[in-house]
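Undergrad: using only what follows, build the 3D model:
(2 chains)
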Amino acid sequence: MSLPRLISSALWLIPIALQAAIAFVMLRRCLFKAFPIFFSYTAFIVARDFILLLLPFTGNLYSTVFWWGEAAAILLSLGVILEVLWHLIRPYPFLRFVFKLVWAAAFVATAVALALLRAGPWSSDQLLESIIFMERSARVLQVGLLIVLISLMSRLGLTWQHYSLGIAAGFGIYSALDLVLLELRAHLHAVTDTAFVLMRSAAYNLAVVIWAFYFFRPQSLKPVGGLPGTDVANWNDALTELVNKWYRR
Amino acid sequence: MVSTLTILFASVLSLVLVWAILRPGLPQVRSLEDWEANKHEVDLDAFQILLDSTEEQYLRESLPPSEFRFFQKRRLALALRSLELVGKNAAMLMKLGQLARGEANPRLAKEAEELIYGALRLRVNLLYAQPYLWLKWLFPGWTLSVPAFEVPYEELLHYLSRVRQQRQWDRKQTLTAT
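TA: Numbering: from 1, shown residues only, chains lettered A, B, ... in the order given. The predicted structure is shown next:
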């Protein structure tokens, strides 16, 4: 077996094993109730890749399972990001309007992305180009959602929960790298097909390793014991007074 | 070309943001000891003096304009740094509050709820205070007030307060039921 083929096989098999283990850990810790879409995504990818493993690589069926599976995986991965956002915002009822705002922004971003990407040149391989085009649009949306999610969390100082952080970080890295690679392959034609496939798999492996790290490492549940005395109230009074002075209403 | 640049920019921004939340060295607050070790000491009185309008007026009248702008910028930079540290403290307190809220002790859970409310309110205050101070830093001679934007500030604080009351009521009902 040649080295590129060996690397390619390893990059394909490692995530199947790791994601199967993640699904198992989620089942054991009942985390599928907290993250049903991420669990579905993980189980779906494992099942799809396992089926692909059994199918002949050159057949039409292989291609059908792969591309339809890819479309479903992208939809699920978009759902995962909204699930993470909902999970993080749920404890703060007054922020739920933000969730609706993000939905609206997501639709606007998709429209803009479609308009922008539509202008790209089309090559002779129309079908592959259109699949890559759709994938690119979905990744743009995914990256946009992640940017909004992370900015919102850091701006408001909201608490990242253990698993949400892992899921968001994994998708953040994968979707950003995938988008760069799709751009290099489809628009700039700067990478070969072999390099594209290998680098894409490597990016996905990185995401799966991040998920595995967060799901295999149990969440620390050490009791806090007590809470500190703080001057938060004094700071709030001082800042409220200043803000009222500075802003006209 | 525009779409390529937009996409590459969004991808790099996404990677930078992920790095920012994952990078090692961020303080992990899981207990009172962690809080004591990582909290930032910020003096509220000193902060208020930095933004005191009488002090500002005195400096404006007693210093030449260029020197006034220089000192005012330094004062505002210090005030902004204080707010940044206060924001970090608030974020750590929210994390501690979240951890304590899940504990069995109802008194501790109630205190945690109060702490989260206070810290979140502080973060909302910072969302308003920081942009104003940045504007003042850019234009140190500026004394005007700016129109409020987004959700009206008082309304947001009122909403926060209502949510807290609702949560306290829910908690009381749960305790009574059990």
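
Undergrad: quick one: the strands in chain A?
TA: A:247-248 (DSSP state E).

Undergrad: any weak-confidence spans in it?
TA: A:1, A:91-99, A:106-107, A:109-132, A:155-161, A:218-222, A:248-249 (pLDDT under 70).

Undergrad: where do the strands sit along chain B?
TA: Remark: strands of chain B, listed N- to C-terminal, are B:146-147; assignment by DSSP E.

Undergrad: in it, which helix has the most residues?
TA: The helix spanning the most residues in chain B, taking DSSP state H as the definition, is helix B:65-101.

Undergrad: any idea of the mean pLDDT for that helix?
TA: Here the mean pLDDT over helix B:65-101 is 87, rounded to a whole number.

Undergrad: in it, what's buried?
TA: Neighbour-count burial for helix B:65-101 flags B:68, B:72, B:75-76, B:79-80, B:82-83, B:86-101 (criterion: 16 or more other CB atoms under 10 Å in any protein chain shown). For every residue, glycine as well, the C-beta is placed using N, CA and C.

Undergrad: quick one: that helix near chain A?
TA: Yes: looking at helix B:65-101 against chain A by CB under 8 Å from any CB of the partner chain, the contacts come from B:86-87, B:89-91, B:93-100.

Undergrad: which helices and strands does that helix pack with?
TA: The helices and strands touching helix B:65-101, judged by 3 or more CB pairs under 8 Å, 6 or more residues apart in numbering or on different chains; DSSP states H and E, are helix A:232-246, helix B:32-38, helix B:44-50, helix B:53-62, helix B:106-138.

Undergrad: what's the pLDDT at B:Leu32?
TA: Model confidence at B:Leu32, expressed as pLDDT, equals 79.

Undergrad: quick check: it touching A:Pro228?
TA: Yes: under the contact definition of CB atoms under 8 Å, B:Leu32 touches A:Pro228, with a separation of 6.0 Å.

Undergrad: identify the contacts common to those two.
TA: When contacts are counted by CB atoms under 8 Å, 6 or more residues apart in numbering or on different chains, B:Leu32 and A:Pro228 have B:Leu96 as shared neighbours.

Undergrad: who has more neighbours out of the two?
TA: When B:Leu32 is set against A:Pro228 and neighbours are counted by other CB atoms under 10 Å in any protein chain shown, the residue ahead is B:Leu32, at 15 against 12.

Undergrad: now do the contacts for the closest residue to A:Val232 other than its chain neighbours.
TA: The shortest distance from A:Val232 to any residue that is not its chain neighbour, by CB to CB, 6 or more residues apart in numbering or on different chains, is 4.1 Å, and that residue is B:Gly118. For B:Gly118, the contacting residues are A:230, A:232-233, A:236, B:93, by CB under 8 Å, 6+ apart.

Undergrad: among the helices and strands packed on helix B:65-101, which comes closest to A:Ala176?
TA: Taking CB to CB as the criterion, helix B:106-138 is the member of the helices and strands packed on helix B:65-101 that comes nearest to A:Ala176, at 26.8 Å.

Undergrad: just checking the distance from the closest one to the centre of its chain.
TA: 5 Å (CA atoms, centre = their mean, to the nearest Å).

Undergrad: pLDDT (mean, whole number) over that helix?
TA: Summarised as a single mean, pLDDT over helix B:106-138 is 82.

Undergrad: now, among the residues of helix B:65-101 next to chain A, which is nearest to chain A?
TA: For the residues of helix B:65-101 next to chain A, the closest approach to chain A (CB to the nearest CB) belongs to B:Ala91, at 3.4 Å.

Undergrad: thinking that closest one is in contact with B:Arg123, fair?
TA: Yes: B:Ala91 is in contact with B:Arg123 according to CB under 8 Å; the separation is 7.5 Å.

Undergrad: tell me the contacts of the closest residue to B:Phe47 other than its chain neighbours?
TA: On the basis of CB to CB, 6+ apart, the spatially nearest residue to B:Phe47 that is not a chain neighbour turns out to be B:Ser82, at 4.8 Å. B:Ser82 sits next to B:42-43, B:46-47, B:50 when contact means CB under 8 Å, 6+ apart.
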